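J.: No letters, just coordinates:
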């Protein structure tokens, strides 16, 4: 028996300890938002967070994440009781095309903004380089991430000061 904490809920699963986390999430816990892509940690479709860090669940054994905080795409917005700001930005910027890679893309982007709230384009490119989008939406992905970074750092007081300086 392996104990996992997935999206804030303690779960016990009876699986081989070497089973990849991806298959436990999809087949045992029925959290199918995390996708199987390549099975070799090369495409990023299976990205989830473990203790806030983006990892590839297709090559991560369930034993290696026992009793750790695992967040899947289903749990990304759990705190906000709606869409995560990145999910809204994805919609606003019309990022999804086929949609297959999007859960992994969103999880990598969320980890980036957690660790670097004001990323440069180079930071975004580096953080997202392990996520492949066959539809080629990289520009829209970067724009959505930048949009959320700007909104998270918008300070209305600074804006008022700027307006006063411009009107003086």
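T.: Done, it's in. Because the structure is predicted, anything quoted here is derived from the model rather than measured. Numbering: from 1, shown residues only.
J.: For the chain, give me the ranges with low pLDDT.
T.: 78-81, 153-168 (pLDDT under 70).
J.: Tell me where it has helices.
T.: Applying DSSP state H to the chain gives helices spanning 21-23, 85-92, 102-115, 121-128, 138-152, 156-167.
J.: Ok, which of these comes nearest residue 58?
T.: Of all the helices of the chain, helix 21-23 sits nearest to residue 58, with 4.6 Å by Cβ to Cβ. To be clear about C-beta, it is placed using only N, CA and C from the backbone, and glycine gets the same treatment.
J.: Which residues outside that closest one are in contact with it?
T.: Helix 21-23 is contacted from outside by 34, 36, 46, 48, 57, 58, 60, 61, 62, 65, 70, using Cβ atoms under 8 Å, 6 or more residues apart in numbering.
J.: Residue 114 contacts residue 51, doesn't it?
T.: No: Residue 114 is beyond contact range of residue 51, at 11.0 Å (criterion: Cβ atoms under 8 Å).
J.: from the contacts of helix 21-23, which ones fall inside strands?
T.: 48, 70 (DSSP state E).
J.: contacting residues around the most centrally placed residue in the chain?
T.: Centroid-nearest residue in the chain: residue 107, 0.9 Å away (criterion: Cα atoms, centre = their mean). Going by Cβ under 8 Å, 6+ apart, residue 107 touches 47, 48, 49, 54, 71, 72, 73, 76.
J.: what separates stretch 117-132 from the chain centre, distance-wise?
T.: Here stretch 117-132 is found 12 Å from its chain centre; the criterion is Cα atoms, centre = their mean, to the nearest Å.
J.: What separation do you get for residue 126 and residue 138?
T.: Remark: distance between residue 126 and residue 138 (Cβ to Cβ, to the nearest Å) = 13 Å.
J.: With neighbour numbers in mind, choose between the two.
T.: Taking other Cβ atoms under 10 Å, residue 126 and residue 138 do not tie; residue 138 has more neighbours (17 against 13).
J.: residues in contact with the more buried one?
T.: Residue 138 sits next to residue 128 when contact means Cβ under 8 Å, 6+ apart.
J.: Next: residue 31.
T.: 6, 7, 25, 72, 74.
J.: Kindly recompute the last result at 10 Å.
T.: 6, 7, 11, 22, 24, 25, 48, 70, 72, 73, 74, 75 (Cβ atoms under 10 Å, 6 or more residues apart in numbering).
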